[in-house]
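S.K.: What follows is a protein structure lacking sequence information:
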């Protein structure tokens with residue numbers, strides 16, 4: 001299903017060409033119990049809501065799938081919708097060191113960032129100014145109208161929580177229910193957000209080390225490293241930085257290392273055995289598994305082409321803003337981030353370097369707290385040791401909204417619903433179905449093992 005958006009649908013884009021939005025719909029399995037539509041946004045930005053809806057339609061609790069049509073869409077600039085195009089051969093972007101520790105490495109990072117921004121401008125120049133989060137919120141309203149619904153229900157993950165919060169602010173009367181899982185706090189400055197996210201990943205890595213060392217004592221689950229896992233890890237990380245590995249006409253260097261590890265950390269304890277195995281392979285000279293993890297993170301297929309998710313990720317992030325500044329400012333942010341989180345801090349900043357050369361001016365000049373006091377109660381879910389969106393961000397967003405209700409889930413994975421446990425799922429299901437608002441500061445006990453849906457956010 002496609003919805004065509006013309007200039008009249010967006011007063012800020014008069015004269016623009018038609019933008020197609022690809023929608024996926026699974027109807028409620030029991031029409032007699034149908035409540036309405038549940039729109040899904042999996043985060044990113046740049047991730048496919050079309051694919052997410054297909055997946056979630058199979059794993060959401062039956063309490064939801066019997067009563068709601070599951071609706072996913074690829075936001076403008078992404079996937080099957082009218083996409084941002086920046087070229088589909090992006091290895092050059094990740095072969096540079098996103099955590100440079102020399103002038104030559106920094107110059108190379110700046111060069112490839114400029115090359116990428118120029119490629120986006122030459123292939124999608126007209127579109128780049130019209131793929132913001134604010135455009136997507138207006139698209140959500142167009143989708144609601146196209147579906148003939150008076151109100152929507154919404155489930156947003158990670159960056160998708162920002163989209164949901166904006167929609168609740170702009171269209172509060174059209175919200176029936178809304179769950180924001182793995183919340184982004186829009187009041188946090190971009191520099192602080194990058195540093196706090198890197199600190200979250202570093203904490204997640206420490207939890208992995210603790211798990212691995214404990215498993216070694218019981219002789220099961222982790223074969224990585226002969227001594228302490230942290231020492232073996234730092235040795236591998238340093239080796240990838242000093243001497244990148246040539247592998248099947250490719251390079252496995254520090255950027256692929258960091259991205260590959262991060263991808264596993266999104267899943268919390270559910271990814272630990274896979275990460276341990278990948279690191280053990282690398283210690284034996286085989287980077288294949290960790291490289292495949294990195295490729296999955298950035299949307300690279302085995303034939304060397306990229307699916308466009310990374311281009312959309314940067315296009316939306318750079319346009320939204322606020323900007324971190326020029327090359328000199330970015331170097332300062334990277335230095336502070338490295339001091340706060342030595343494993344991921346500088347690299348997190350380096351991934352956003354193309355924004356310094358972006359052809360479109362950022363829409364936001366400062367952080368934007370989002371308040372939606374006229375919307376119905378909104379449930380905000382934070383995971384206690386979420387490596388990507390710290391639980392403090394969920395607390396912040398729940399407070400800002402004016403009618404937000406925080407639920408804290410256990411675990412170290414990125415996002416939690418559905419969790420298939422006896423605590424979180426009943427809370428969320430009851431809210432969606434009966435509009436039963438959870439108790440203030442609700443929290444679920446006990447750790448859980450969940451393979452979570454991970455999406456990068458800047």
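M.R.: In hand now; what should we look at? In this text, all values refer to a predicted model and were calculated from it rather than measured experimentally. Residues are numbered from 1 along each chain as shown.
S.K.: Can you list phi and psi of residue 405 for me?
M.R.: Backbone torsions of residue 405, given as degrees, to the nearest 10, read phi -130, psi 120.
S.K.: Contact partners for it?
M.R.: 377, 378, 379, 380, 398, 437, 438, 440, 442 (C-beta atoms under 8 Å, 6 or more residues apart in numbering). In short, each C-beta sits where N, CA and C put it, glycine included.
S.K.: Mind checking which of these land in helices?
M.R.: Secondary structure from DSSP state H places residue 398 of the contacts of residue 405 in helices.
S.K.: Of the contacts of residue 405, which one scores lowest on pLDDT?
M.R.: In terms of pLDDT, residue 440 ranks lowest among the contacts of residue 405, with 81.
S.K.: For it, grab the count of nearby residues.
M.R.: 8 (other C-beta atoms under 10 Å).
S.K.: can you check the one 3 residues further on too?
M.R.: Neighbour count for residue 443, taken as other C-beta under 10 Å: 15.
S.K.: Any idea what it is bridged to?
M.R.: For residue 443, the beta-bridge partners under DSSP bridges are residue 408.
S.K.: so what's it scoring on pLDDT?
M.R.: 91.
S.K.: dump the residue contacts of it.
M.R.: Contacts here follow C-beta under 8 Å, 6+ apart; on that basis residue 443 touches 407, 408, 409.
S.K.: Of those, select the buried ones using a ChimeraX command.
M.R.: Buried residues within the contacts of residue 443, by 16 or more other C-beta atoms under 10 Å, are selected in ChimeraX with:
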select :407,408,409
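S.K.: And the contacts of residue 443, which is closest to residue 165?
M.R.: Residue 165 has its nearest neighbour among the contacts of residue 443 in residue 407, at 15.9 Å by C-beta to C-beta.
S.K.: For the closest one, which non-adjacent residue is closest in space?
M.R.: The shortest distance from residue 407 to any non-neighbouring residue, by C-beta to C-beta, 6 or more residues apart in numbering, is to residue 442 (4.6 Å).
S.K.: So that neighbour sits against residue 398, correct?
M.R.: No. Between residue 442 and residue 398 there is no contact under C-beta atoms under 8 Å: 10.8 Å.
S.K.: what's the overlap in contacts for these two?
M.R.: 405, 406.
S.K.: Strands of this structure, start to end?
M.R.: 2-5, 19-26, 36-41, 68-73, 152-157, 175-181, 245-247, 250-252, 378-383, 404-409, 442-443 (DSSP state E).
S.K.: what lines up beside the third one in the sheet?
M.R.: Counting by DSSP bridges, the strands paired with strand 36-41 are strand 68-73 (parallel), strand 152-157 (parallel).
S.K.: Reformat the ones you listed as TSV; add distance to residue 120, mean neighbour count and mean pLDDT.
M.R.: Formatted as TSV, the strands paired with strand 36-41 follow (distance: least, C-beta to C-beta, whole Å; neighbours: other C-beta atoms under 10 Å; pLDDT from 0 to 100):
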stretch	distance to residue 120	mean neighbour count	mean pLDDT
strand 68-73	22	26	97
strand 152-157	25	27	98
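S.K.: Give me the ChimeraX select line for the contacts of residue 405, limited to the buried ones.
M.R.: Selecting only the buried entries of the contacts of residue 405 in ChimeraX, with 16+ other C-beta under 10 Å as the criterion:
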select :377,378,379,380,398,437,438,442
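S.K.: Between the contacts of residue 405, which sits nearest residue 141?
M.R.: residue 378 (17.1 Å).
S.K.: Show the pLDDT at the nearest residue to that closest one once chain neighbours are set aside.
M.R.: Once flanking residues are discounted, residue 378 sits nearest to residue 178: 4.6 Å by C-beta to C-beta, 6+ apart. According to the per-residue confidence, residue 178 scores 98 in pLDDT.
S.K.: burial measure for residue 178, as a count.
M.R.: As a burial measure, residue 178 scores 27 neighbours (other C-beta under 10 Å).
S.K.: Hmm, residue 164 and it touching each other?
M.R.: Yes. Counting by C-beta under 8 Å, residue 178 touches residue 164, with 5.4 Å between them.
S.K.: Find residues that contact each of these two.
M.R.: Counting by C-beta under 8 Å, 6+ apart, the residues touching both residue 178 and residue 164 are 154, 156, 378.
S.K.: Spit out the contact partners of the last one.
M.R.: Counting by C-beta under 8 Å, 6+ apart, residue 378 makes contact with 164-165, 168, 175, 178-180, 372, 398, 401, 403-405.
S.K.: just these now: which is nearest residue 26?
M.R.: Closest to residue 26, out of all of these and judged by C-beta to C-beta, is residue 179, at 17.9 Å.
S.K.: Can you report how many residues neighbour the closest one?
M.R.: With other C-beta under 10 Å as criterion, residue 179 counts 23.
S.K.: Residue 392 now?
M.R.: 15.
S.K.: Can you give me the pLDDT of it?
M.R.: Reported pLDDT for residue 392: 97.
S.K.: Return the residues in contact with it.
M.R.: 185, 196, 382.
S.K.: Please apply the same query to residue 362.
M.R.: 318, 319, 320, 321, 322, 323, 355.
S.K.: How about residue 68, nearest residue that isn't a chain neighbour?
M.R.: Nearest one to residue 68, counting by C-beta to C-beta, 6+ apart, is residue 38 at 4.0 Å.
S.K.: What residues sit buried inside the helix ranked longest in the chain?
M.R.: The longest helix of the chain (DSSP H) is helix 190-217. Buried residues in helix 190-217, counting neighbours by 16+ other C-beta under 10 Å, are found at 190-191, 193-205, 207-209, 211-213, 215-216.
S.K.: and it, what does it pack onto?
M.R.: The elements that helix 190-217 packs onto, with contact taken as 3 or more C-beta pairs under 8 Å, 6 or more residues apart in numbering; DSSP states H and E, are helix 229-242, helix 254-265, helix 272-283, helix 327-340, helix 345-350.
S.K.: For the third one, buried residues please.
M.R.: By that I understand helix 272-283. 272, 273, 275, 276, 277, 278, 279, 280, 281, 282, 283.
S.K.: Could you tell me the angle between that helix and helix 229-242?
M.R.: Computed by axes from the mean of the first three to the mean of the last three C-alpha atoms, to 10 degrees, the angle separating helix 272-283 from helix 229-242 equals 50 degrees.
S.K.: Quick one: mean pLDDT over helix 272-283.
M.R.: 96.
S.K.: Show me what stretch 226-239 is in contact with.
M.R.: 205-206, 208-209, 212-213, 216, 222, 224-225, 254, 257, 276, 279, 282-283, 343.
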